[in-house]
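Peer 1: Can you look at this prediction? I've put the sequence above it.
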Amino acid sequence: FRPAGMLIERSWDYGRNWNVYRYFAADCKQTFPGIPNKPQDDVDDVICTEDFSSVEPSSNGEVIFRALNPQIPVKDPYSEKVQNLLKVTNLRINFTK
């Protein structure tokens, strides 16, 4: 089964510090209160999404995550904001529920 709550975190300093990329939950408001449950307005917005967290399918399910949302136009791919999203030395998936 898919987890009812999880988050994807990244580190760019070999695990010394961690930053959340995205929260996933069957019920964002209950599982991660205070985290916005809305579409991203900017490429570095940290949000919770209820996509990929339903019980079905119970096998062969997948979670799709893109560090850069293709629906948000990026004016300068070399900006510090965009480059910071792409810096990764470690990736961690935290199953919370």
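Peer 2: The structure has been received and is ready for your questions. Residues are numbered from 1 along each chain as shown.

Peer 1: Stretch 33-45 - what's its average pLDDT?
Peer 2: For stretch 33-45, mean pLDDT is 93.

Peer 1: Between the two ends of it, how far is it?
Peer 2: Distance between the boundary residues of stretch 33-45 (CA to CA, to the nearest Å) amounts to 16 Å.

Peer 1: Please identify the helix or strand for the most centrally placed residue in the chain.
Peer 2: When CA atoms, centre = their mean is applied to the chain, the residue found nearest the centroid is residue 22 (1.7 Å). Counting by DSSP states H and E, the element that carries residue 22 is strand 19-25.

Peer 1: Let me see the contact set for residue 43.
Peer 2: Contact analysis of residue 43 by CB atoms under 8 Å, 6 or more residues apart in numbering lists 68, 69, 72, 74, 81, 82, 85. To be clear about C-beta, it is placed using only N, CA and C from the backbone, and glycine gets the same treatment.
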